[in-house]
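In: Curious how this folds, go ahead:
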Amino acid sequence: MISFLVAGTIFYYLYKDIDPQSILTALEKTNLFWVGASVFISIFGYVLRAWRWKLLIETGEKFPISIFKVFWSLMFGYLINLVLPRAGEVARCGAVQKSHRVEWGKLFGTVVLERTIDMLFMVLMVLLAFLLEGRVFVEIFHLLISPESLWAFFENYFPLAMVLISGFLVFLYFLYIIFRKHDIFKKARWFLRQFVSGLETVFKLKNQWGFWISSVVIWIIYFFMMFWVAKAMPATSSLTASSVLLVMVMGSIGMVAPVQGGIGTFHAMVAFILLFFGIEEEQGKIFAIVVHGSQMFTILGFGLISLIFLANNRQKQP
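Out: Numbering: from 1, shown residues only. Sure, this is the predicted structure:
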């Protein structure tokens, strides 16, 4: 509820001064073919994500995993994320477990692994964007961050952070001593083993090439999802590929925020970075609405279909 209020507040303050007629005018001038192409390739991206997750899940298992069921579980997770941020990662594990006898701890481990790999690729995208648009990065750095204040913050709070971390580790050790023979600890240790087995699947994959190539292609798809929407709108049609890459990176950072579907944070980051490429603030915000809205409607549509599929699938389980 709090995250929803935060998202709604950010979104309201971003768009409260924009005339709705300006949004309608921009939408009328938008080329729907390119927006449709963006939506189509995003669907392919979701299928590819499901296939990549399937590779992780089936590692070490003695029975086949249905990509069809994994796909609908994934879309169900995205739908839940629109209601409760990050809860979708747990929900999709539960949905897969309803149709396959896979340990929940392992499933959650594969999700954490998948997200960690996505984060590493995002860092690589940031580095690539820095190489291609270094000037903009320098402008943003000088605008938002003072090296002197950053160093002062590090000097003042680093020792305190070390003390707090050390205290937390000591606290965990005492909990271990007290509860190591308790049933709860045994269950936690079993879950941890399964969780680690999920993390280890990346080293045991039979199709290593398929996994890593699909990881690269997923981010290429993310790029074209935004690039084609930029091409569709007159205000952003002149953006270069490297400019769109930087906008995509900033938008991805906005999506990481713990709010429903990146609402507000995504729009703010995209509109902010577009200012550095000469795009008016109002047009940047409208562009963010089209990019984000097209994906939210896609997730909402497929997410609702996933509810029907998962409900029928559950009824068929013994």
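
In: quick one: low-confidence ranges for the stretch 151-300 of the chain?
Out: Within the stretch 151-300 of the chain, the ranges that satisfy pLDDT under 70 run 151-158, 160, 172, 175-176, 178-192, 194-195, 197-198.

In: Where do the helices of it begin and end?
Out: Per DSSP state H, counting those that start in this stretch, the stretch 151-300 of the chain has helices spanning 183-204, 208-232, 241-256, 265-275, 281-316. These are given in chain order.

In: so what secondary structure elements neighbour the longest one?
Out: In terms of contacts (3 or more CB pairs under 8 Å, 6 or more residues apart in numbering; DSSP states H and E), helix 281-316 is packed against helix 2-15, helix 20-28, helix 32-58, helix 67-81, helix 87-99, helix 208-232, helix 265-275. Glycine gets a C-beta too; all of them are placed from N, C-alpha and C.

In: among those helices, which is nearest Glu200?
Out: Minimum separation from Glu200 across these (CB to CB) falls at helix 32-58, 10.1 Å.

In: So for the closest one, what gets flagged as buried?
Out: Neighbour-count burial for helix 32-58, with 16 or more other CB atoms under 10 Å as criterion, is recorded at 34-35, 37-39, 41-42, 45-58.

In: Assess the claim that Leu74 and Val47 are in contact.
Out: No - in terms of CB atoms under 8 Å, Leu74 does not count as a neighbour of Val47; the distance is 9.1 Å.

In: hey, which of the helices of the stretch 151-300 of the chain is tucked in deepest?
Out: Per residue and on average, the most neighbours among the helices of the stretch 151-300 of the chain fall to helix 265-275, with a mean of 22 (mean count of other CB atoms under 10 Å).

In: still on that earlier bit, tell me which of the helices and strands packed on helix 281-316 sits nearest to Ile305.
Out: If you check each of these against Ile305 by CB to CB, helix 67-81 wins as the nearest, at 7.4 Å.

In: Buried ones in that closest one, by neighbour count?
Out: Applying a neighbour-count criterion of 16+ other CB under 10 Å, the buried positions in helix 67-81 are 67, 69-81.

In: need those residues in TSV with pLDDT and distance to Val96, can you?
Out: Putting the buried residues of helix 67-81 into TSV (pLDDT from 0 to 100; distance: CB to CB, whole Å) gives the following:
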residue	pLDDT	distance to Val96
Ile67	92	11
Lys69	92	7
Val70	94	6
Phe71	96	10
Trp72	94	10
Ser73	94	5
Leu74	95	9
Met75	95	12
Phe76	94	10
Gly77	93	9
Tyr78	93	14
Leu79	93	15
Ile80	92	13
Asn81	89	16
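
In: could you redo the residues you listed as a markdown table and give each row distance to Ile308?
Out: Formatted as a markdown table, the entries for those read as follows, by distance: CB to CB, whole Å:
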| residue | distance to Ile308 |
| --- | --- |
| Ile67 | 18 |
| Lys69 | 13 |
| Val70 | 17 |
| Phe71 | 14 |
| Trp72 | 9 |
| Ser73 | 13 |
| Leu74 | 15 |
| Met75 | 11 |
| Phe76 | 10 |
| Gly77 | 16 |
| Tyr78 | 15 |
| Leu79 | 12 |
| Ile80 | 15 |
| Asn81 | 19 |
